[in-house]
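>>> next come a sequence and a model predicted from it.
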Amino acid sequence: MIEKIISRYSCRKFLNEEVKEEDLTRILEAARWAPSGLNNQPWRFIIVKNNLDIKEKLAKLTSSEDVIRESNVNILVFLYLPDVYSRTKDILAIGACIENILLAAHSLGYGCCWLGEILNNSDKVLQLFNLDPKSYELMAVVSIGRPNEPMPIDRERISLQDLIIKKL
């Protein structure tokens, strides 16, 4: 598991190859099993796979247009507001849900990119899908497909020593 965590990267170029339906189901099952406070599971999804018109409209709502266009599947992750009991905890749970999507897809040989810049147009995304802003809040779009780029070699992280404030 640790090797999968370390080897996962944000893939932005994809092959024109289908994400198998059974793999998509497995990815969504992994998302569904993310931890959440009081087990409220505050996430909801829209899957954009075969509708090229919607995919193009979605792409135009972000600077990551090519990532959305080239990927085979885009999972829109929403916070379902009627189930929120603690906004901070529920947003953290959404992060765990998204991480499960990324790791599950990576373990199945897919590349993913967690798109956040699209949040600048979240109101337009809600309009595109005719969603009530009192019920849904866009948290991210995750683009998935077979990678068409190698894992970057020069990946860097802040040293562990610099991240630890105190060790008592």
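On my side now, so go ahead.
>>> quick check, central residue of the chain?
Centroid-nearest residue in the chain: residue 142, 3.1 Å away (criterion: C-alpha atoms, centre = their mean).
>>> off-centre distance for stretch 93-102?
What separates the centre of stretch 93-102 from the centre of its chain is 7 Å, taken as C-alpha atoms, centre = their mean, to the nearest Å.
>>> got it, and stretch 56-64?
On C-alpha atoms, centre = their mean, the centre of stretch 56-64 falls 15 Å from that of its chain.
>>> may I see the buried residues of that stretch?
57-59, 61-62, 64 (16 or more other C-beta atoms under 10 Å). C-beta here means a position set from N, CA and C on the backbone, and glycine is covered the same way.
>>> ok, stretch 92-110 next?
Quick answer for stretch 92-110 (16+ other C-beta under 10 Å): 93-94, 97-106, 108, 110.
>>> partners of the lengthiest strand in the chain in the sheet?
Longest among the strand segments of the chain by residue count, using DSSP state E, is strand 136-145. Strand pairing for strand 136-145, determined by DSSP bridges: strand 73-80 (antiparallel), strand 111-115 (antiparallel).
>>> using CSV, write out every CA atom in the last one.
It refers to strand 111-115. Extracted C-alpha coordinates of strand 111-115, given in CSV (Å, rounded to 0.1, in the frame of the first residue of the first chain):
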residue,chain,number,x,y,z
GLY,A,111,-3.9,7.7,-14.0
CYS,A,112,-5.8,10.4,-12.3
CYS,A,113,-5.8,14.1,-11.8
TRP,A,114,-7.6,15.8,-8.9
LEU,A,115,-8.9,19.1,-10.3
